[in-house]
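J.: test case, fold it:
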Amino acid sequence: MAISEKNAVPSVAIDGARIKSVRETKKLTQLYVASVVGVTTDTISRWENNRYPSIKRDNAQKLADALEVELDSILRREEEIEVLESGVAASSVPGRRRWLATGLAVCALLLLAAVYFLIRGRVPAPRALRIAPHFAAPGEIIPVQIKITRQGEENIGFILKEKLPVGWRLVSALPASSSADPSGSEVKWLIPGGNATVTVSYTVQIPTSGNPGPEAKLQGEVVLHAAGINRTESVVGSHGIRVGAYHWADSNGDGRIDDDEIMPAYYISEEMKGLGLDWKTIESIWSGKGYRWDPKEGFVVIK
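T.: Numbering: from 1, shown residues only. So this is what the prediction gives:
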């Protein structure tokens, strides 16, 4: 019997109540978490209410990254069921097919064990999560943050690289960037050794000649040098930014900054104070009924 492709997709059982508790404890909105994971707020609500008790593992990892916790802390302890079910299925295969299934299972376990010991012998690379707006206007200065969580106990530094879209200009950064490509397309930070989580914040200005509509891409990686070998890990999280008649704090692009959007914008503006963000315009839009964007006047508040 052929194995269904759907069964080959790795999934995990999530604990909705625990997810909701972590989010509320950290004072994160469903809109913020949904923006980082790349799903809708309805999906986050369904996950928290256990409407989907099992989800794809990569989505669960993105959810854990958004909540800034380890993946295991939001999982239900039911993964053993899959192992037991696999064992029952194998034992039900008669004759040679049973021996074949058993042999394949043993080979898979040996392969997993070998991979485990190889990985354990390597220094774990830091995990980098990018938080960036979904929307922005031509000529606007927008914030980008990368939270880098060190894994393991090794006191090893690393290099963070960010590749900017063509024509985008770095305005300021904290900590200051170590070097930049002459064209301005790549920015680098040299992060010294340590065990603490590191947050790299920077602002970039979108070219005023940018055509509205296309989605610009941010790309980044962490480079770790250990045991004489360079290893790279991609930066995960937000990467696509749609350029158009939108303010970066308007996370759903509906032409206004509401109560759910003002607080995340405030926290980011406070953390990145002095890096060129225009908080007064954000507050004015929030106080009004909305905004419109004009190529000559910029953002015009609707009273």
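
J.: residues contacting the residue positioned nearest the centre of the chain?
T.: The centroid of the chain falls nearest to G237 when counting by CA atoms, centre = their mean (2.0 Å). By CB atoms under 8 Å, 6 or more residues apart in numbering, the contact set of G237 is 36, 62, 65-66, 129-132. Heads up, the C-betas are built off the backbone N, CA and C, glycines and all.

J.: who's the closest residue to L174 other than its chain neighbours bridged to?
T.: Nearest non-adjacent residue to L174, counting by CB to CB, 6 or more residues apart in numbering: S201, 4.9 Å away. For S201, the beta-bridge partners are Q145, L174 (DSSP bridges).

J.: and S201, how close does it get to G276?
T.: Separation of S201 from G276 (CB to CB, to the nearest Å): 11 Å.

J.: more neighbours: those two, which one.
T.: Neighbour count, other CB atoms under 10 Å: between S201 and G276, S201 has more, with 18 against 15.

J.: how far away is the more buried one from R231?
T.: For S201, the distance to R231 - CB to CB - is 25 Å.

J.: now do W189
T.: In terms of CB to CB, W189 sits 17 Å off from R231.

J.: which elements pack onto the helix or strand containing I268?
T.: Assessed by DSSP states H and E, I268 sits inside helix 259-271. Using 3 or more CB pairs under 8 Å, 6 or more residues apart in numbering; DSSP states H and E, the elements in contact with helix 259-271 are helix 30-37, strand 141-149, helix 279-287.

J.: could you name the helices and strands sitting against the last one?
T.: It stands for helix 279-287. Using 3+ CB pairs under 8 Å, 6+ apart, helix 279-287 sits against helix 259-271, strand 298-302.

J.: flag every buried residue along that helix.
T.: Buried positions in helix 279-287, judged by neighbour count with 16 or more other CB atoms under 10 Å: 281-283, 285-286.

J.: same deal with the second one?
T.: For strand 141-149, burial by neighbour count (16+ other CB under 10 Å) applies to 141-148.

J.: swap in stretch 239-252?
T.: Applying 16+ other CB under 10 Å to stretch 239-252 flags 239, 241, 243-252 as buried.

J.: pLDDT on it, on average?
T.: The pLDDT scores in stretch 239-252 average 92.

J.: next one: it to chain centre, how far?
T.: 17 Å (CA atoms, centre = their mean, to the nearest Å).

J.: and the end-to-end length of that stretch?
T.: 16 Å (CA to CA, to the nearest Å).

J.: equivalent analysis for stretch 157-172, please.
T.: End-to-end distance (CA to CA), stretch 157-172: 22 Å.

J.: that stretch: which residues count as buried?
T.: In stretch 157-172, counting by 16+ other CB under 10 Å, buried: 158-162, 164-165, 168, 170, 172.

J.: and what of stretch 189-209?
T.: 189, 191, 198, 200-206.

J.: those into a markdown table, with extra columns for pLDDT?
T.: As requested, the buried residues of stretch 189-209 are arranged in a markdown table below (pLDDT from 0 to 100):
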| residue | pLDDT |
| --- | --- |
| W189 | 94 |
| I191 | 88 |
| V198 | 91 |
| V200 | 95 |
| S201 | 96 |
| Y202 | 96 |
| T203 | 96 |
| V204 | 95 |
| Q205 | 94 |
| I206 | 92 |
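
J.: sitting in strands, which of the residues you listed do you find?
T.: 189, 191, 198, 200-205 (DSSP state E).

J.: closest to G16 out of those residues?
T.: V198 (30.8 Å; CB to CB).

J.: ok, the closest one - contacts?
T.: Taking CB under 8 Å, 6+ apart as the test, what V198 contacts is 126, 147-148, 150, 191.

J.: where does the protein dip in pLDDT?
T.: 1-9, 78-103, 112-125, 152-154, 180-184, 210-214, 226-229 (pLDDT under 70).

J.: quick one: the helices in it, in order.
T.: Counting by DSSP state H, the chain has helices at residues 5-8, 16-25, 30-37, 41-48, 57-67, 80-91, 95-120, 259-271, 279-287.

J.: can you get me a residue count around L110?
T.: 10.

J.: what's the burial count for S179?
T.: 11.

J.: for A66, that is, sorry about that
T.: 24.

J.: which residues does it contact?
T.: 28, 32-33, 36-37, 129, 237.

J.: and which of those is nearest to Y291?
T.: Y32 (20.6 Å).

J.: which residue, neighbours along the chain excluded, lies closest to the closest one?
T.: Closest to Y32 by CB to CB, 6+ apart is P264, at 5.2 Å.
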